Structure formats: structure tokens, C-alpha cells
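Q: Sequence plus predicted model, see below.
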Amino acid sequence: MALGFSTKSFSQDIIINEINYEYDEPFRGYNAKDWVELYNRSANAVDMSGWVLADEDTLYTFQSGVVMPPNSYYIVAKDAVDFLDAHPGTGNVFESDLSFSSSGETIALYQDSLVTLEDLVTYSDDAPWPDTPDGEGPTLSLADPTLDNDIASNWFGSGNYGGSPGQPNSIFCNVAPPKIVINEINYKSVAFVNPKDWIELHNPNNFPVDISGWEFADEKGFFRVPVGVSIPAGGYHVLTQTSSSFSAIFGVPHTGDWGWGLDGGGEDIGLFTENRCLVDKVDYDDDLPWPDDTDSTGFTITLIDPGLNNNLPGSWISSSQIGVIFGTPGQPNNVPDPCSPTPDRIVINEINYNSDTILSPGNWVELYNPGATAVDLSDWRYYDEDSLYVIPSGTMIPPDGYLVLTEDDVRFSTAFPAVSNYVGPMGFGLSNNRERIILYTPNQCIVDSLKYNDKNPWPDAPDGEGPTLSLLDPSLDNTNPYSWAHSPANGTPGAANTFCTDIELSVFLQGPYNPLTDEMDNQLNVDHGVLPGQTPANPNIAPTPAVQPYGIAPWSYMGTEGTGWTDDNYSGKILDWVMVSFRTGVDKSTEVSRSAALVKKSGEITMVNRCAISDQVTTPVYAVIEHRNHAGVMSHQPITIANSRMDYDFRVQESYVGPDPANPIGAGQAVIGTGVYGMYAGDGDQSGDAFSYDITGNDKTIWTMQNGQFGQYLEADYDMDGDVNGNDKLIWSPNNGTSSRVPR
């Protein structure tokens, strides 16, 4: 059943105030399933008999006699039992079959059985809507009941796990809670001495921390710490599965009973404040790289040092390594300092985490020795978040030298036959998205550690396109994404890094630009399928040749971008191809690079050639954007290249108008909105644009020749809707005579 919703134009008493639409976290005791909170903001009780709450395919009808008091909250939950397990004590919970989309949908509240619309919200998990409610634990919460709840900016993520059902909305967790560390874990005891499961908490602060009302949670449920429990400065406190079993063996401060056992195969455990703000979290396991002799042996998982990241397996040892069976609950772990003496510095310098499928060398990580002496890496340990590789005995890395750790040494040597300084196989790869990787000495001292990502601000080209993630300089902080750039294709394993500039350009095109969406309509792609290499929607139309469109005069660009492309190469976000070039000066004679690229409907430009500018170009450059039927533009000033990155947004600033911006001789860009600029449309015949980009009668002539043609990739289609008609002439007409004065 698909429901149609009216436009919101009403004043209501009962509003949709909080929404829980997705939960992907491991703490299942906090998973209340989908629910929505209604709030009566009026001063009067409201009879809701027969009212209907609807999502886009399901209805819930309130039974006769349901009356909502003033200033009160009602919860409509998909599963009332799960909801009350997660939020015990919450009143006025109604069970329904409503289930909300994780990507967004419309929720509506009706009076009188779908007759009168009381409230309506169309939420989304995309900006400008908050994104943390999409599976991360927080709820979608209205900032104030007096605000229009169909406007994204009036909502926030609650910040905590589970929101505030039945209470006024609040932003939780905006102040970090005091640090308390999960310091020791006993998850399966030996049968003859069985204190049952327990975890030890450590307070590393110089002040006591009251943990009354805090919660310990795992993948089965949660336990609330009773009132009066405080951990002294520098002290310890143990939470137990069964208090009587624990106290029969250990005479240390503890609190129980949480009742259920921890998973012998490993699971997520977490500590939360009374408002369910995350304090600490550990995802332990009973297999390598975690200590693997702690399952039903009496040994515990013991944190080496409270200052380490305790969600990393290399930060833990078995208590067997310090000769202690049954652990040290309520006491320091007394693990000797693994970093004494201080080990030699070795740097994670280059990462290939999502290989080019053509060369296919497998994943690999390059280490660099910045020191003046060779370093013996025998039995050093390389971890990712799931696996462990022990570097073979006898492995040396020379001064100012490199060593590559390979997932598959056969594939690697086939791809790089000239590289000999590698070891492997590790037998495991790296995440294509993000992952922490760590290098340890044999004593478990962390020598280097970082968590890479394929999302901004990290370079994205290494994610399957061939380049690697390359450290700009071994002396930089390699945990900082701005210390990294992408390499040329396939990287430089076993040798010094080289880089390509990460190019961030954006531009709007007048004609397809839609001020209602602040994007461009990409009908050539999604409606007509006539971009180069696509299959036309009209079977009577010949496909546009599968090659970038700038190989003809006046561009005569012979690049291979787009060659052999098909429908699969274009996402629904692509608008068209543009030509991007860079100059060290204003004149074209100073051009150092040019490439065909893709412009998205958002205006963002995607460089198909991810190494359009190498690290050999260090001086500031002008960026020039050309399009096959729009007047070209150039940045109003040279763009600085810093840390192999450059950024220029033509959408929000005027482009080059001549050597003196105060006395412009060129038209620059069209103003297509308040503070919004776009390339002038109407330059469909650029063969005569000898000195700059000019819109003239020649561009009308080409429109006359193509007028009436439909569903094709044509130069005179100035609004780029696939139809050459009078609208395109109306775009050309006011632009006639426009000259950019950008030198060609």
C-alpha cells in the first residue's frame, strides 16, 4: 500500500517529536527497534480515538478511548517488548507494525481516520539531516517543539544511545565523560576455580569518579550500576556476573550481579554513563591476534597499560605472560613496560588497501627506516583489526631503507618483478573502507599505528583506482589525513614515495542548474542515456561514441579517459564531461596539464586521470574548466598546492575577468542565484573562439541546424535536457556577445 501525503500547511497540537529508525550497534540490549515519539504541546488533553499514524506503507490506528494529556509523550513502537527492555519504566507505549526506512521516508499523523492531517515529517539520512541516527545509536530529535519539524535544520542527533523517549529532547554526550578504562576481562573461567565472568574497571584520573547509574553492556543486555558506587583516583572496581561466586575467591571491591555470561568466542562490551554516553568499548576475541589462551584456562585478558587503545588486540596480553593465573582483579596488572628500552623508529609509509584489479598485486604495506643504522625486525608484529602477521626471523631493514609486507608474495612479485625488499605472505588483506593498522615489537611495544580511511579528508583515489596511500614525508604525523596523498598508478613499493595532487574543483553550468535543488539536472545521463558509451533510452538513437568528447577541434585532446566506457561506468550523479587544465600563468602557453573529467550534478568535478598534476608541479597554478557548449572559465587567481592538495570552487566566486578584477574586461560567469555562479551557456560552436571563449551568432547557427532534434548528445542543447528547442535559444539570446577573455 502506497500512501499519498498532503503538503504541510497547518497548526497542530500533537507533533512528531523523536524518531528511532535504525540501529546497527552491537549492544543489543539498547536495540529498541523502530519507534516514534509524539508530544502534546498544547494545554489541553486530546482525544486520539481513531487517529492514524502512518509511514509510507503501513497504518497504525489508535484505539477508542486513547486520550493524550497536555505536555505529555506517547511512544508508538514496532515492538513494545523490545522497547521496554531497552527503556524500562517508560510509560504510554503503543505497539504497532510501523517500520521506518533507514534511508528516510515520510511519517504522518492523521485525525479522523486519514481525513485531517495533524502532522507530517519527511526525514532523511542524507545532509542536511543529521546522519548519526542512521544506525549509530542516537535518535533523530526535534530541537524544540515549537519549530517546524519538517525542516531538517530543526533536528539533531541525540548523541547518546537510544535518545530520550518519554522525556524532553536533549543533546547528550556533548561533554566527554570522565575516563574509565576496561582494564581486565575474565570471560571463561577454569572449572575448578570459577568466579564466573567479570570485568575490571580502572580510574586513571587524579579524582574519584562516581559511576552510580552507569551501565555495562554487551551483545546480550545491560547492567545498571547501583547507587553509591565510586572508583577512587587511580583505583579499580570489578563488575561481576555473579557476586557470590566472585567474592568466594576474591576479596576486592566489586558490584554484581549482571547475570548472563560473556561470550567465549568474543564480543563487544561497553561502559556507558547514566545517559548512555559511551565511556569505553572493547571488541575482544578468543583467537589471534587477541590472546588465545584465556578461554576456560583461568587466565585473563590483561591490558598492558591503561594509556593504550584497549580496542586494539596488541594492547592486551594473557595474564599467563606475567605468570598470574586467575588474573589480578582490583589491582594493577603489573605488566612490565614493553617499550623499555625504547625501540628504533619505523614508519608506516605507504598503503595499498584496495588493489587495482588489472595489476592485482594484492594488498601491501610499506615500512620505512628513517634512522642511520639497520633495524632487525625479527618477530616484530603487524596487526590489522582482525589479524596478525609475525615478520620472519632475520628480516633487516637498512638505514633510509624500505620493507614491504605483502598479502600475497606471488602476486606481488609478479606485479613488481624489480622489487626484492619484501616479505610475506601475510595471508590477509586490508579493509577497502577504513581500518587501524599497528606495528609492534616482539614485546608488544607499539612502534607505529594509524587508522586510514577512504573518505574525505583522506585521499580517495587509493580506493580501487590504482594509486596507493602515500605519506608525504616520513617525518610527518601519519595519523593525520593531511599528511597523506595518493601516488601515481600502482604506487612505489620498496622505494621513496612520489605523489599526485589531490584536486578538488567544483563548477555549475548555467542551463541545467536548478535553483530549487541547488544542483544541476542530469537528464542526459539518467533520462536519455546519451553520455559517451551509454545505451540510449531511445533505441532509434545511435550511441554517443565511448570516448571523452574533447578529441575533436578546437580541443584536439587525445587522452583516453572514457574509452570503452559503458552504462556501468556512470553513476546517477554524473552530469557530463568537462575539460580541466592547469597553467602557471594566464596564457595557454603556460599550460602544464590537461585532462578530461566528469562533473557531477552537485558541481563537484571527478578527475578520471587521478594524477593530472604530479608532485613535480609545486608552484601555484590557474585552473581552467571548459565545456562543449559553455564558455570556459579560469580561476581568478593562481591556486596554491599545499601538501599535494588544491581546492577551488567556481560555484561561489567570480572567475577570471581580466588582469585587473576592479576593471573587468571579461564576463566571468553568470550569476545564477544569490551568491551562486555558473558557466555561461550558449557556446555550442567553439571552433571560432580563437582568442577566448565567446558566445556569438555562430552558436545560434548551430542551434538552428539542430533545433527539433531530441534525445541526443548535441552541442546546441544549452540546457542539457536532451531536447534542442526554443528554450535553448532563450538561453543563448541574452548571453550573445559574452566573452570570457580567458586566453585560449
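A: Looks like it came in fine.

Q: The stretch 1-150 of the chain: strands as residue ranges?
A: 14-20, 35-40, 46-47, 52-54, 59-61, 67-68, 73-77, 93-95, 106-111, 116-122, 140-142 (DSSP state E, counting those that start in this stretch).

Q: and what of the stretch 301-450 of the chain?
A: 301-303, 316-318, 347-352, 364-369, 375-376, 381-383, 388-390, 396-397, 401-406, 422-423, 434-440, 446-453.

Q: ok, and residue 728, which helix or strand is that part of?
A: helix 726-735 (DSSP states H and E).

Q: which parts of that helix are buried?
A: Using 16 or more other C-beta atoms under 10 Å as the test for burial, helix 726-735 gives 728, 729, 731, 732, 735. For the C-beta atoms, the positions are set from N, CA and C on the backbone; glycine is no exception.

Q: Residue 293: neighbouring residues, count only.
A: Residue 293: 13 surrounding residues under other C-beta atoms under 10 Å.

Q: make that residue 533, sorry
A: Counted with other C-beta under 10 Å, residue 533 comes out at 21.

Q: nearest spatial neighbour of it, skipping sequence neighbours?
A: Spatial nearest neighbour of residue 533, chain neighbours left out: residue 546 (3.3 Å); criterion: C-beta to C-beta, 6 or more residues apart in numbering.

Q: Tell me who's in contact with the one you found.
A: 532, 533, 562, 563, 564, 565, 566 (C-beta atoms under 8 Å, 6 or more residues apart in numbering).

Q: Is it possible to mark the buried ones in these?
A: In terms of neighbour count (16+ other C-beta under 10 Å), the buried residues within those are 532, 533, 562, 565.

Q: any chance of these in CSV, plus distance to residue 463 and secondary structure?
A: Putting the buried ones among the contacts of residue 546 into CSV (distance: C-beta to C-beta, whole Å; DSSP: H, G, I helix; E, B strand; the rest coil) gives the following:
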residue, distance to residue 463, secondary structure
532, 24, coil
533, 23, coil
562, 20, coil
565, 19, coil
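
Q: which among those gets closest to residue 317?
A: Nearest to residue 317, judged by C-beta to C-beta, of those is residue 565 at 52.8 Å.

Q: For the closest one, give its distance to residue 531.
A: Residue 565 sits 8 Å away from residue 531, going by C-beta to C-beta, to the nearest Å.

Q: what does residue 560 give?
A: Relative to residue 531, residue 560 is positioned 16 Å away (C-beta to C-beta).

Q: More neighbours: which of the two?
A: residue 531 (26 against 12).

Q: so which strand or helix has residue 702?
A: Per DSSP H and E: helix 697-706 holds residue 702.

Q: That helix vs helix 726-735, what angle?
A: Interaxial angle, helix 697-706 versus helix 726-735 (axes from the mean of the first three to the mean of the last three C-alpha atoms, to 10 degrees): 170 degrees.

Q: could you pull out the helices for the stretch 401-550 of the chain?
A: Counting by DSSP state H, counting those that start in this stretch, the stretch 401-550 of the chain has these helices, from start to end: 409-415, 523-526.

Q: sorry, that was for the stretch 51-200 of the chain
A: Taking DSSP H, counting those that start in this stretch as the criterion, the stretch 51-200 of the chain contains helices spanning 80-86.

Q: Which residue is the nearest non-sequential neighbour of the residue nearest the centre of the chain?
A: Geometric centre of the chain, nearest residue: residue 455, 5.3 Å, by C-alpha atoms, centre = their mean. Nearest-residue entry for residue 455: residue 434, 7.4 Å, with adjacent residues in sequence omitted and distances by C-beta to C-beta, 6+ apart.

Q: surely residue 687 meets residue 556?
A: No - at 11.0 Å, residue 687 does not count as touching residue 556 under the criterion of C-beta atoms under 8 Å.

Q: in stretch 200-211, what counts as buried?
A: 200, 201, 202, 203, 204, 209, 211.

Q: Kindly apply the preceding question to stretch 252-260 instead.
A: When neighbours are counted by 16+ other C-beta under 10 Å, the buried residues of stretch 252-260 are found to be 254, 255, 256, 258.

Q: so what's the last one closest to, chain neighbours aside?
A: In this case it means residue 258. In space, and not counting its chain neighbours, residue 258 is closest to residue 223: 3.5 Å by C-beta to C-beta, 6+ apart.

Q: And the one you found, how close does it get to residue 525?
A: In terms of C-beta to C-beta, residue 223 sits 54 Å off from residue 525.

Q: How about exporting stretch 134-150 as PDB, limited to the C-alpha atoms?
A: This file holds the C-alpha atoms of stretch 134-150, laid out as PDB (Å, rounded to 0.1, in the frame of the first residue of the first chain):
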ATOM      1  CA  ASP A 134      21.300   6.200  10.800                       C
ATOM      2  CA  GLY A 135      22.500   3.100  12.800                       C
ATOM      3  CA  GLU A 136      25.000   4.700  15.200                       C
ATOM      4  CA  GLY A 137      22.700   4.600  18.300                       C
ATOM      5  CA  PRO A 138      21.400   8.200  18.600                       C
ATOM      6  CA  THR A 139      17.800   9.100  17.700                       C
ATOM      7  CA  LEU A 140      16.500  11.900  15.400                       C
ATOM      8  CA  SER A 141      15.300  14.500  17.900                       C
ATOM      9  CA  LEU A 142      13.400  17.800  17.400                       C
ATOM     10  CA  ALA A 143      15.300  20.700  18.800                       C
ATOM     11  CA  ASP A 144      12.200  22.500  20.100                       C
ATOM     12  CA  PRO A 145       8.500  21.500  20.000                       C
ATOM     13  CA  THR A 146       7.600  25.000  18.600                       C
ATOM     14  CA  LEU A 147       9.700  24.500  15.500                       C
ATOM     15  CA  ASP A 148       8.600  23.200  12.100                       C
ATOM     16  CA  ASN A 149       9.500  19.600  12.300                       C
ATOM     17  CA  ASP A 150       9.600  19.100   8.500                       C
END
